[in-house]
Each structure stands twice: as structure tokens, then as C-alpha cells.
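J.: Next come a sequence and a model predicted from it.
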Amino acid sequence: MSTPQPVRVRFAPSPTGRTHLGSGRTALYDYLLARQTGGQFILRIEDTDQKRYVPGAEKELMESLHWLGLNWDEGPDVGGANGPYRQSERREIYQQHARQLIESGHAYYCFCSPERLDKVRQGQMSLKQTPRYDGTCRRLDPDEAARRVANGERHVVRFRMPVEGAITVHDHLRGDITVENANLDDYIIVKSDGLALYHLAAMVDDHLMNVSHVIRGSEWLSTFPLHGHILRAFGWQEPVWVHLSIFLKPSGKGKMSKRESAQIMQDGYSIFVNDLAELGYLPEAVVNWIALMGWSYDDRGEFFTMDDLVEKFSLDHLNPAPAAINFTKLDHFNGLHIRSLPPAELSRRVKPFLQAAGYVVNDEKLLKIYPIIRERLSTLDDIVPMAGFFFKGDVFPDPKELVGEKMSPSESAIAARCAYQILDALPEIGLQTAEPPMRQLAEELGLKAGQLFGILRVAVTGQKVSPPLFESMEIIGREQVLNRLQRAIKLLDGL
Ligand code: GLU
């Protein structure tokens, strides 16, 4: 097997909103490829569209990537030999390259006003033609155009698309894509504010940053031929292009929309990476989950750590078919990864959730709780309803909940009294010591074990659902268990 060449990949988000799963997946694939081949992962901020700029988006983005464990080798914060890594700081570089394209005849200045362009567009639409630039400034004498620019006339720069022939660009997942040039427009590559558009800026940057593989969303497929033209106009080598599949709604019917993402949040999930942290998901689980949205290893392999993924990931196993976001799968992976965490690590992760709910957490006790809850946690915040009571000085059961299933209060009080007597005689209360006599007691009283255990559970934990009863009693401690049971008897007597 030949050793893979080190790749240079870049994740190039626009800071125009929150960081969603799709971005997380693109960045993950970039990262995996870089780490697998000993290459570099670059973070480049594509912030040339000032109208869509959202303050704070870059910060959230970096936090989300760090949370996922995707650290970059070059970027606006860490620097690198190919900076600056924010496109807004590379204005001159793009202008210089735009001039180069103008000089070589591959681009031209365009002075058409938005009003005129609008009229042209409307005319074309009324004739049922595809709207496109009508080529007015394409025919201008270059010297005259240069004079008008020097006089300060408002202008953009357009790519001079060949009118004949076709272009073939190659996508790693989809193969060759051939488009007739006549179907392509004279796209704007520099706006009237002097800032380059994505089409030019990204091509220039990918070249200057020596990017070998471009992994991006398939929304760029339609302008992919233009990008091929730009690279060829400069005479640059093309990277390996990979356009990833799109994400569909959980139902699999249609693309994700704003309304859909609001509904997802109402259901207690989110498509935004940093919300998932707050919802109690592990980054390991999210990474595992998104890795498999568009990539698979084999029919069986499902559980992957980051190290596994670095070893196994391959561009050759990507799937171009759209992937439905499946949160049930996320819950499943979260459970698996929770159970694979060492005790001290799981305790460290659940602790902030208990603290946020107002509990003062004793680390030693938390470690004792670990074995009885790890099988039951689907998300980290499940710890609060499940085990918060361990950190309360006392619990206050609702007297009515103390009544056993299909039993009267007095029958329940009798059962609790008998249980108390037996437990009180035990030197220690735990699974080994208490469960057998309690089962026996239930039988003697003609009760199902669940009926008796239900009473005891509410009495000692204050809630109807808890981790296993006798292990919980062991952690709560003999004295507390007996006190709580005695109080429960009084409460039952009072009903
Ligand atoms: N700024 C582009 C976006 O956020 C990046 C596309 C690319 O990776 O080239 O969609």
C-alpha cells in the first residue's frame, strides 16, 4: 500500500450565522483527511459579504470546532505561513488577481447600473429566457474601460466566459461534469465595493494556500464550472474537488428549512453544534454521528472514536445521496459513547449539569453513582432527574406517591413497617443484604416485588423513577434510608 500524500485542506465558512451540523461535518472530513495523511487543516474565514456578516458568528464557529475536537493548524487566531486567513484582510490580493485576469482578457470591467440590469433581466424573463448578463460592457474597448475606472466610475469586474465550447470539471464523488459554456454567465467576480466574490476569492486563496483538496457543500455544484474556468484562466493546478451530500429533514422529505429547525428545537434537539453541548450530547457522539452522514466504513462498523475515524476515513467511501438527519441515531451514539467513558471522565462531564440545576456535588459520591447510572443515561443532562436526589440533604416525597400500586394507604403503611423492621436489623443496607429479604417480604405479604419496591423507592429517593433501588440505598446510607422510611410510614398513616 502506498503512503498517502499529506493533504492541505481548508474549512472556509462564512460568518453569516450559527454553526450547524453540515458545517461540522465538512470540517470533520477536512480534519480527518489532514490528520490521516499528516497534512494540514486550515481555517479560513470567508467574510467578504459584509451585508450578511453576523457579529459573534466567528467566535461561535471556533468554539463549536474546538468542542468537536477539530483543531486547525493554520487560521486567523493561530496564524500560519499563508495568512491572513480572513478574506476581508486579503482585499488587495484579490484586486491584484482580478487585474491579472483583466490584462489577460479573461475578465472585464462592467459599468452597467443595477437599474439597467434589472430591466434586461425582466425583458429576458418575459421572453421566458434564462436571465443573464447581456454582454454590453464585454464589448467595451479595454483602454476606455480603464479610463472610466481611473475617473472613479462605479464598476464591477466580470469573468469573460467563453461563448463556445464546453468545460469538464471533475468531482471526486460524482465524476466528470460537463457544461456548455454558452449556458454559463459572465459572472461578477469583484463587486462595486471592490471586494471579491467567493468565486474569485476562494480560488485565489485555495491556490495561494496550496490547498490540495476542497471539500465543500453541494450548493456549489452549479458554479463549479465557473471555478474551473477561473483556475484555468490563471493556469493553476486544480485541487481534488469533493462536493458533499446535502442534509434532509429528519423525515427525509425535503431540505432543512428555518421552520424545520425551529420544530427540531421544540422537540428537544438542535441542528446547531453548540446547542448540542448544552443538550447533554458528547462531542464524541456528535462526531461519530455526523461522520456517518454521508460516509460509511462497512456494513457493520458503527461505533467510531476520533482515532478510529482518522484511521478509517476515506474519500472513496463517501455517498453523494442526501442524508436525512436522524436524532434517534444521535441518542443511540450518545448512549454508546457515554458508556465507553471511564468513570472519572463521565463524572467530570455530568457534574456541570448537576451544578447548573443547583446541586452541590460531592465527587466521591458521584463516582459511586456512576456504575448504576451509566447504562441509563441517554444524554448527560439525564443525570439531573435521575440522580439529583443523591445530592439533596433530604427528599420530600409526595405522600400520595407513597401508596403502592393497587394498594390502599394502610396496606402500604403495613408493608413499609415490615420493611423497616427487617432493614433496621441489617448491619448494612445494599444490594446483597437487602434485596433477598425484601423479595421474600413481598411474597409473604402477597405482593408483587414491584409493589413493595415502589413504596420503598418513593420513600428513600422521593421519586417514582430512580436508578436501581438497593444500590441507591447503599449510596444514600443506612441511617438516611431508615429515617426516610420512618417518615414515609408517618406520611402514609396520615393519609
Ligand atoms: N464560504 C463558503 C460557504 O460558507 C465556503 C465554501 C467552500 O468551502 O469553498 O459556503
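T.: Sure thing, it's come through.

J.: what comes up buried for the host helix or strand of Leu336?
T.: Here Leu336 is covered by helix 327-339, with elements defined by DSSP states H and E. Within helix 327-339, the residues scored as buried using 16 or more other C-beta atoms under 10 Å are 327, 329-335, 337-338. (Each C-beta comes from the backbone N, C-alpha and C, glycine too.)

J.: what do you get for stretch 7-17?
T.: 7-15.

J.: tell me the mean pLDDT over that stretch?
T.: When pLDDT is averaged along stretch 7-17, the result is 97.

J.: List the residues that contact the nearest residue to Ala233 once chain neighbours are set aside.
T.: In this structure, Ala233 finds its nearest non-sequential neighbour in His106, 3.9 Å apart by C-beta to C-beta, 6 or more residues apart in numbering. Residues counted as contacts of His106 (C-beta atoms under 8 Å, 6 or more residues apart in numbering) are 159-160, 230, 233.

J.: Now tabulate the residues you listed in JSON lines and tack on neighbour count, pLDDT and secondary structure.
T.: Below are the contacts of His106 laid out as JSON lines (neighbours: other C-beta atoms under 10 Å; pLDDT from 0 to 100; DSSP: H, G, I helix; E, B strand; the rest coil):
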{"residue": "Phe159", "neighbour count": "24", "pLDDT": "98", "secondary structure": "strand"}
{"residue": "Arg160", "neighbour count": "18", "pLDDT": "98", "secondary structure": "coil"}
{"residue": "Ile230", "neighbour count": "24", "pLDDT": "98", "secondary structure": "helix"}
{"residue": "Ala233", "neighbour count": "18", "pLDDT": "98", "secondary structure": "helix"}
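
J.: in which helix or strand would I find Arg158?
T.: strand 156-159.

J.: do the same with Val9
T.: With DSSP H and E as criterion, Val9 is part of strand 8-11.

J.: so does the next helix-or-strand element following that strand get close to the ligand?
T.: Later in the chain than strand 8-11, the nearest helix or strand by DSSP H and E is helix 21-37. No: Helix 21-37 is not in contact with the ligand by C-beta under 6 Å from any ligand atom; minimum separation 6.9 Å.

J.: Helix 21-37 - contacts with which helices or strands?
T.: Here helix 21-37 touches strand 8-11, strand 40-43, helix 57-68, strand 213-217, strand 240-244, helix 273-278, helix 283-291, helix 306-312, going by 3 or more C-beta pairs under 8 Å, 6 or more residues apart in numbering; DSSP states H and E.

J.: out of those, which comes closest to Arg121?
T.: Of all the helices and strands packed on helix 21-37, strand 213-217 sits nearest to Arg121, with 26.5 Å by C-beta to C-beta.

J.: Using CSV, write out every CA atom in the closest one.
T.: Coordinates of each C-alpha in strand 213-217 appear next as CSV, following Å, rounded to 0.1, in the frame of the first residue of the first chain:
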residue,chain,number,x,y,z
HIS,A,213,-8.4,19.0,-1.6
VAL,A,214,-11.5,21.2,-1.5
ILE,A,215,-14.4,19.6,0.5
ARG,A,216,-17.5,21.8,0.4
GLY,A,217,-21.3,21.7,0.2
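
J.: and the angle for that strand with helix 21-37?
T.: 160 degrees (axes from the mean of the first three to the mean of the last three C-alpha atoms, to 10 degrees).

J.: Could you tell me which residues within strand 213-217 count as buried?
T.: Buried, per 16+ other C-beta under 10 Å, within strand 213-217: 213-216.

J.: before we move on, what about stretch 286-302?
T.: 286-295, 297.

J.: hang on, the earlier thing: distance to Ile429 added to the helices and strands packed on helix 21-37, as a markdown table?
T.: Formatted as a markdown table, these follow (distance: least, C-beta to C-beta, whole Å):
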| stretch | distance to Ile429 |
| --- | --- |
| strand 8-11 | 55 |
| strand 40-43 | 54 |
| helix 57-68 | 42 |
| strand 213-217 | 58 |
| strand 240-244 | 56 |
| helix 273-278 | 37 |
| helix 283-291 | 36 |
| helix 306-312 | 43 |
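
J.: Tell me the residue of the stretch 1-150 of the chain that sits nearest the ligand?
T.: Glu46 (3.6 Å; C-beta to the nearest ligand atom).

J.: Next, that residue: phi, psi?
T.: Main-chain torsions, Glu46, degrees, to the nearest 10: phi -100, psi 80.

J.: Quick one: residues contacting it.
T.: 12-14, 87, 198, 201-202.

J.: okay, and the helix or strand of the protein with the least pLDDT?
T.: Sorting the helices and strands of the chain by mean pLDDT, DSSP states H and E puts helix 258-266 at the bottom, at a mean of 88.

J.: Tell me what angle that helix forms with helix 327-339.
T.: 40 degrees.

J.: Other residues contacting helix 258-266?
T.: By C-beta under 8 Å, 6+ apart, helix 258-266 touches 249-250, 270-271, 275, 325, 327.

J.: between those residues, which is nearest Ala27?
T.: Ile271 (14.9 Å).

J.: now stretch 165-181: mean pLDDT?
T.: 98.

J.: Report the buried residues of that stretch.
T.: In stretch 165-181, counting by 16+ other C-beta under 10 Å, buried: 167, 169, 171-173, 177, 179.

J.: Which members of those residues are the farthest-apart pair?
T.: Ile167 and Leu173 (18.5 Å).

J.: can you list the buried residues of strand 213-217 in JSON lines and add pLDDT and distance to the ligand?
T.: Converted to JSON lines, the buried residues of strand 213-217 look like this (pLDDT from 0 to 100; distance: C-beta to the nearest ligand atom, whole Å):
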{"residue": "His213", "pLDDT": "98", "distance to the ligand": "11"}
{"residue": "Val214", "pLDDT": "98", "distance to the ligand": "6"}
{"residue": "Ile215", "pLDDT": "98", "distance to the ligand": "7"}
{"residue": "Arg216", "pLDDT": "98", "distance to the ligand": "3"}
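
J.: Convert the C-alpha atoms of whichever helix or strand comes after the strand holding Arg158 to CSV, please.
T.: For strand 156-159, the following helix or strand on the C-terminal side (DSSP H and E) is strand 166-171. Extracted in CSV, the C-alpha atoms of strand 166-171 (Å, rounded to 0.1, in the frame of the first residue of the first chain):
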residue,chain,number,x,y,z
ALA,A,166,-17.7,23.3,-23.1
ILE,A,167,-15.9,22.7,-19.8
THR,A,168,-15.5,19.5,-17.9
VAL,A,169,-14.8,19.6,-14.2
HIS,A,170,-14.2,16.6,-12.1
ASP,A,171,-15.8,15.9,-8.7
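
J.: Show me which pair in the contacts of Glu46 is furthest apart.
T.: Pro13 and Ala201 (13.4 Å).

J.: re earlier: scan the contacts of helix 258-266 and report the most crowded one.
T.: Ile325 (24 neighbours; other C-beta atoms under 10 Å).

J.: Before we move on, what's the pLDDT of that one?
T.: 94.
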